[in-house]
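Asks: need coordinates for the below:
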Amino acid sequence: MLFFYRTTPIGVVKGCARKARLRPFGRLRPLTTPLRRVRSAPGNSAQMTGAKIMSQLSFPIDSSLLVRDAHGRYVLATAEQILDAARQVIDQRMRPGTPLTSPRAVREFLSAKLAGFQYEVFAVIFVDCHHRLLEYTEMFRGTLDQAPVFPREIIKEALARNAASIIVAHCHPSGSPTFSSADESLTRRLRDALELVGLKILDHVLVAGNTTTSMAELGLL
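Replies: Numbers count the residues shown, from 1 in each chain. Modelled structure (predicted):
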């Protein structure tokens, strides 16, 4: 559920950890190595999406995936650290200037970025007049079942990037794949506010686990 506010939110800074995998006889190699293997495997196109990458990263929690802690010791990686590695890979594939011509690719990209969060996150994809990616930004963070959203801040960021349109998305940690009435109301308000400055909202995508739901496909825009 999303809420409409007019004040300025507080930003969130996220960190990352170095990842490694333990092989037989004590040899270590970076966790990103299996990710590179996924990218270079025969039959994988250059447009492999985040959902496909994440499906190949479905390691059991007791596997030999390791990260180095603050004391230099290797400990088992958490599910969130594995997801972070997958997000880094999808970031390398969806670079600025990438044409967003496939709705499916966009949904799978957003699924890779927003899956696994234990709180609601509201993200924005800024695109140019040719529907090329300018930037993906996670703008607002909420709680388990709601997130504050500030249309004024979205418009300000869109104008700063000289964007022509945006795609917005948020996640439901509960796993519910259905837009709430608050989600629909916010989207209408955001659409109306964007139109006042010549911007468009192309879609609002809901990520619920491995499922994505599109307002554009439902005819809600």
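Asks: strands along the chain, start to end?
Replies: 2-4, 19-22, 28-30, 65-68, 74-76, 121-127, 133-141, 147-149, 165-171, 200-208, 211-214 (DSSP state E).
Asks: the ones you listed: which one's closest to residue 108?
Replies: Taking Cβ to Cβ, strand 211-214 is the member of the strands of the chain nearest to residue 108, at 7.7 Å. For the C-beta atoms, the positions are set from N, CA and C on the backbone; glycine is no exception.
Asks: deepest of the strands of the chain, which one?
Replies: Mean neighbour count, computed with mean count of other Cβ atoms under 10 Å, is highest for strand 165-171 among those, reaching a mean of 25.
Asks: adjacent strands (with direction) for that strand?
Replies: strand 121-127 (antiparallel), strand 200-208 (parallel) (DSSP bridges).
Asks: tell me the angle that strand makes with strand 133-141.
Replies: 40 degrees (axes from the mean of the first three to the mean of the last three Cα atoms, to 10 degrees).
Asks: got the contact list for strand 165-171?
Replies: Here strand 165-171 makes contact (Cβ atoms under 8 Å, 6 or more residues apart in numbering) with 2, 100, 106, 110, 114-115, 117, 120-127, 129, 131, 147, 154, 158, 183, 187, 190, 194, 199-208.
Asks: counting neighbours, what do you get for residue 131?
Replies: Neighbour count of residue 131, defined by other Cβ atoms under 10 Å: 15.
Asks: quick one: end-to-end length of stretch 208-216, please.
Replies: With Cα to Cα, to the nearest Å as the measure, stretch 208-216 spans 17 Å from end to end.
Asks: okay, now the domains of the chain?
Replies: By the assignment in automatic domain parsing, the chain contains the domains 19-92, 98-218.
Asks: mind putting these in CSV, mean pLDDT included?
Replies: Listed next are the domains of the chain as CSV, based on pLDDT from 0 to 100:
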stretch, mean pLDDT
domain 19-92, 55
domain 98-218, 93
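Asks: okay, those, which one's buried deepest?
Replies: Mean neighbour count (mean count of other Cβ under 10 Å) peaks for domain 98-218 among the domains of the chain, with a mean of 18.
Asks: quick one: end-to-end distance for that one.
Replies: One end of domain 98-218 sits 25 Å from the other (Cα to Cα).
Asks: cool, stretch 110-118 as well?
Replies: Start-to-end, stretch 110-118 (Cα to Cα) is 16 Å.
Asks: please renumber the chain so that the first residue is 58 from this point on.
Replies: Let's use 58 as the start, then, which means that last one is stretch 167-175.
Asks: got the contact list for residue 263?
Replies: Here residue 263 is in contact with 226, 227, 228, 229, 234, 235, 236, 240, 269, 270, 271, 272 (Cβ under 8 Å, 6+ apart).
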